[in-house]
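Chemist: let me see the structure of the following:
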Amino acid sequence: MACHAEEKDLPRALTCPITLCIMREPVMDANGITFEREAIETALREKPGISPFTNARYPDGDARLTPNRIVLDLISEFQLEKGKQREQGATPGEKAKRERRQAQARTSL
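Modeler: A predicted model of the protein is given here:
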């Protein structure tokens, strides 16, 4: 799974410790660690019953994956806020890009 360029400055709590990307379907394991569902399921197929975060065996060998709705809500809020910033051109990098494009358009006439 490739991360998008705009995901560089994500809060750590919103990223999967395996993929380092923003999570789309966050799940929490028996140790309280949140992962992207697809990433943790792949890791558990490769090493059944072993936490990819601690490399230790889960209690009873069961990761007990459960949806982490709080993190999903935080991700939704973060993306909504990022969208608002994008619409307003609030981020300095986007503002600079827009100004550069405008200057190029003026000089190419």
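Chemist: beta partners for the most centrally placed residue in the chain?
Modeler: For the chain, Ile22 is the residue whose C-alpha lies nearest the centre (C-alpha atoms, centre = their mean; 0.6 Å). Taking DSSP bridges as the rule, Ile22 bridges to Thr15.
Chemist: I'd guessed it sits against Arg12; true?
Modeler: No - in this structure, Ile22 is not within contact of Arg12 by C-beta atoms under 8 Å, at 10.8 Å. In short, each C-beta sits where N, CA and C put it, glycine included.
Chemist: low-confidence stretches in this structure?
Modeler: When residues are selected by pLDDT under 70, those of the chain lie in 1-8, 84-98, 108-109.
Chemist: got a list of contacts for stretch 34-48?
Modeler: 1, 13, 16-19, 21, 23-29, 50, 52-53, 61, 63, 65, 68, 71 (C-beta atoms under 8 Å, 6 or more residues apart in numbering).
Chemist: by contact count, what packs against whichever strand or helix holds Ser76?
Modeler: Using DSSP states H and E, Ser76 sits in helix 69-88. For helix 69-88, the packing partners by 3 or more C-beta pairs under 8 Å, 6 or more residues apart in numbering; DSSP states H and E come out as strand 26-28.
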